[in-house]
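Participant: sequence and predicted structure, then a few things I'm wondering about:
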Amino acid sequence: MSSATIHPMALVDPAAKLGAGVRIGPFCTVGPEVELGDEVELISHVVVAGRTSIGPKTKVFPFVSLGLPPQDLKFSGEKSQLIIGANNVIREHVTMNPGTHGDKMKTVVGDNCMFMVNTHVAHDCILGSHIIMANNAVLAGHVTIEDHVIIGGNSAIHQHLRLGAHCFVGGMTPVRNDIIPFGLAIGETATLNGLNLVGLKRRGFTKPQIQSLLAAYRTLFDGEAQFAERIEATRQGFGDNEVVQRILAFIDADAGRNVMQPARRRHAG
């Protein structure tokens, strides 16, 4: 079991693979197919089960459940996986489930993410890196989230949705449609409320990049033309703009859900 430090009141299966410097606190349970990377810390009362791997330097707080069977009635015991990356912070009462045979057979979490108290990552979700989920935010199954997304507290993301890179979901927001990269979604019935300008500035996007995104946003979502026509107008007007192309590529890769729209579009002109 390498140089891991294991509290005498923890239950760690001898077959588990533990990296250098792993620390496992009291009342933790670690199953036989679990892999913990170097310097992973399970503080106390953590359950890690199934075919779960956790990347280096991830810190897991008390009463977290990782890798137990998904909350899916179609699950039949298949050997699916939960893969968690490096340098994540997983706070109290977080739950993450592995995948199912109905989709990817794996749930994946990237690096440098923070999952606050009571957050839930359901089966077959694919999460990028630098994601923050605030207290009580939950993901249904089959959700895809790109890098640098923030989800506010008590928000719920419908199954099979996509959240584009750098988007922001406000607190207490039910999300039922895909959110474009850089989008800002808030409201009792979630609608698109512009771009995540604060996040863009914090992450070093330049003023010209932000201005281009704002102009493209107006082309996409203002006026009375059909959405397909506004997409084409955006493509024609910003075809060589790299950051705008990220939004267009996201829309082009439609996964079957509608793209979230503003509550009201202003009339052209």
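Facilitator: Nice, I can see it.

Participant: restricting to C-alpha, output the helix or strand hosting Gln211 in CSV.
Facilitator: Using DSSP states H and E, Gln211 sits in helix 207-221. Backbone C-alpha positions of helix 207-221 (Å, rounded to 0.1, in the frame of the first residue of the first chain) are rendered in CSV as follows:
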residue,chain,number,x,y,z
LYS,A,207,-11.3,44.0,-24.2
PRO,A,208,-11.4,43.4,-28.0
GLN,A,209,-12.4,39.7,-27.4
ILE,A,210,-15.2,40.7,-25.1
GLN,A,211,-16.4,43.4,-27.5
SER,A,212,-16.5,40.8,-30.3
LEU,A,213,-18.4,38.4,-28.0
LEU,A,214,-21.0,41.1,-27.2
ALA,A,215,-21.5,42.0,-30.9
ALA,A,216,-21.9,38.3,-31.8
TYR,A,217,-24.3,37.8,-28.9
ARG,A,218,-26.5,40.6,-30.3
THR,A,219,-26.4,39.1,-33.7
LEU,A,220,-27.4,35.7,-32.4
PHE,A,221,-30.2,36.7,-30.1
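
Participant: quickly find the element holding Ile251.
Facilitator: Taking DSSP H and E as the definition, one finds Ile251 inside helix 242-252.

Participant: would you mark the buried spots in that helix?
Facilitator: Val243, Val244, Gln245, Arg246, Ile247, Leu248, Phe250, Ile251 (16 or more other CB atoms under 10 Å). The C-beta positions use only the backbone N, C-alpha and C, and glycine is treated the same way.

Participant: please name every helix or strand in contact with it.
Facilitator: Here helix 242-252 touches helix 207-221, helix 227-237, going by 3 or more CB pairs under 8 Å, 6 or more residues apart in numbering; DSSP states H and E.

Participant: re earlier: quick check, nearest of the buried residues of helix 242-252 to Phe227?
Facilitator: Nearest to Phe227 among these is Ile251, at 9.0 Å by CB to CB.

Participant: ok, the closest one touching Ile231?
Facilitator: Yes: using CB atoms under 8 Å, Ile251 is in contact with Ile231, at 6.2 Å.

Participant: show me the shaky parts of the stretch 151-269 of the chain.
Facilitator: 255, 264-269 (pLDDT under 70).

Participant: switch the cut-off to 80
Facilitator: Applying pLDDT under 80 to the stretch 151-269 of the chain flags the ranges 254-256, 264-269.

Participant: ditto for the stretch 1-150 of the chain
Facilitator: In the predicted model, the stretch 1-150 of the chain carries pLDDT under 80 at residues 1-2.

Participant: and stretch 239-257, how far from the chain's centre?
Facilitator: 19 Å (CA atoms, centre = their mean, to the nearest Å).

Participant: and it, how far apart are its ends?
Facilitator: One end of stretch 239-257 sits 24 Å from the other (CA to CA, to the nearest Å).

Participant: show the contacting residues for Met172.
Facilitator: Contacts of Met172 were listed using CB atoms under 8 Å, 6 or more residues apart in numbering, and they are Gly152, Gly153, Asn154, Ser155, Glu188.

Participant: pretty sure the third one is touching His120, no?
Facilitator: This points to Asn154. No: counting by CB under 8 Å, Asn154 stays clear of His120, with 11.9 Å between them.

Participant: neighbour count winner among the two?
Facilitator: A count of neighbours by other CB atoms under 10 Å puts His120 above the other of Asn154 and His120, at 21 against 15.

Participant: for the closest residue to the more buried one other than its chain neighbours, grab the count of nearby residues.
Facilitator: Computed as CB to CB, 6 or more residues apart in numbering, the closest residue to His120 that is not its neighbour in sequence is Val138, at 4.3 Å. Using other CB under 10 Å, Val138 has 17 other residues around it.

Participant: then the one 3 residues further on?
Facilitator: By the other CB under 10 Å criterion, the neighbourhood of Gly141 contains 21 residues.
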